[in-house]
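Novice: okay, sequence plus prediction incoming.
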Amino acid sequence: MVQAMAETASETDDSDRPPRAQRIRVFLLDDHEIVRRGVADLLNAEPDVEVVGESGLATETLDAIGRSKPDVAVLDVRLQDGNGIEVCRDVRSRYPDVACLILTSFADDQALIDASMAGAAGYVLKQIRGNELVESIRKAALGAQLLDPATVRHAIQRVKGSDLGLVDALTPQEHRIFDLIGDGYSNRQIADELFLAEKTVKNYVSNMLAKLGMSRRTEAAAFAARLEERQRRKYD
């Protein structure tokens, strides 16, 4: 099991650094140890930053953050056992004084939107320069909101346009099947609901997935659920 909490010793002479109480305490969540080590070395080289804990597993992170008491948690999105944005939401709920910075390899509009809704202070790509990451952490520790509202709004518009465009390409029958898949119906249940042969439903599902650019019905189910949630929020 990955060690959830690891005190990381700095190679910098403490005589050249501010007292521990004045340093920015950082927690790292990434399931690639080499990435954690690289980021930790980068941050610990700064006089005012200290990595106080790290984890490779989402399930260990909340307890580890409770023990290490960081000012900023730097969270990867894609993890072996979960999602860094979900961890962000949990951290912000349980430890509202901890700022969360999403650090990911993937530029994804939906992830950016989800990070904003989860309460993340920022969303940065791993291609970022080291000094820019350090500055983002410093700003987050001071309570700055690095997610520009205009950027988030544009991402929402792009996702909305893309999603609705895909769904609009479905025929009425494919759209009905799409909705039923989102409600958790199996092919047999869909066949009974629409008075179709199960083989016919399978053909409809195959065509629908092809139009949506998906390979599995579970992807379609998650997509349908996301659209439904977005529509519900619109009227809340």
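Specialist: Noted; the coordinates are in hand.
Novice: buried residues, stretch 204-215. List them.
Specialist: Burial within stretch 204-215, assessed by neighbour count using 16 or more other CB atoms under 10 Å, is assigned to Tyr204, Val205, Met208, Leu209, Leu212, Met214. C-beta coordinates here come from the backbone N, C-alpha and C atoms, glycine included.
Novice: restricted to helices, list those.
Specialist: Assignment to helices by DSSP state H places the following of those there: Tyr204, Val205, Met208, Leu209, Leu212.
Novice: ok, the third one to Leu146 distance?
Specialist: Which is Met208. 39 Å (CB to CB, to the nearest Å).
Novice: following the helix or strand of the chain with the lowest mean pLDDT, which helix or strand shows up next?
Specialist: Taking mean pLDDT, DSSP states H and E as the measure, the helices and strands of the chain show their lowest mean at helix 149-168, namely a mean of 65. Reading on from helix 149-168 to the C-terminus, the next helix or strand found by DSSP states H and E is helix 172-182.
Novice: was I right about Tyr204 contacting Glu174?
Specialist: Yes - applying CB atoms under 8 Å as the test, Tyr204 and Glu174 come out as touching, 5.8 Å apart.
Novice: show me the helices in this structure, by range?
Specialist: Listed in chain order, the helices of the chain (DSSP H) span 33-44, 58-68, 84-94, 109-117, 130-141, 149-168, 172-182, 187-194, 198-212, 217-235.
Novice: of those helices, give the one that comes closest to Arg25.
Specialist: With respect to Arg25, and counting by CB to CB, the nearest of these is helix 58-68 at 7.1 Å.
Novice: residue contacts, the residue nearest the centre of the chain?
Specialist: The centroid of the chain falls nearest to Ile85 when counting by CA atoms, centre = their mean (3.1 Å). In this structure, Ile85 makes contact with Leu75, Val77, Ile102, Ala111, Asp114, Ala115, Ala118, Ala120, judged by CB atoms under 8 Å, 6 or more residues apart in numbering.
Novice: could you redo the last one with a cut-off of 10 Å?
Specialist: Residues in contact with Ile85, defined by CB atoms under 10 Å, 6 or more residues apart in numbering, are 75-78, 100, 102, 104, 110-120, 123.
Novice: please apply the same query to Gln127.
Specialist: Contact partners of Gln127, counting by CB under 10 Å, 6+ apart, are Ser105, Ala107.
Novice: also Leu142?
Specialist: Ile24, Asp71, Val72, Ala99, Ala121 are the contacts of Leu142 under CB under 10 Å, 6+ apart.
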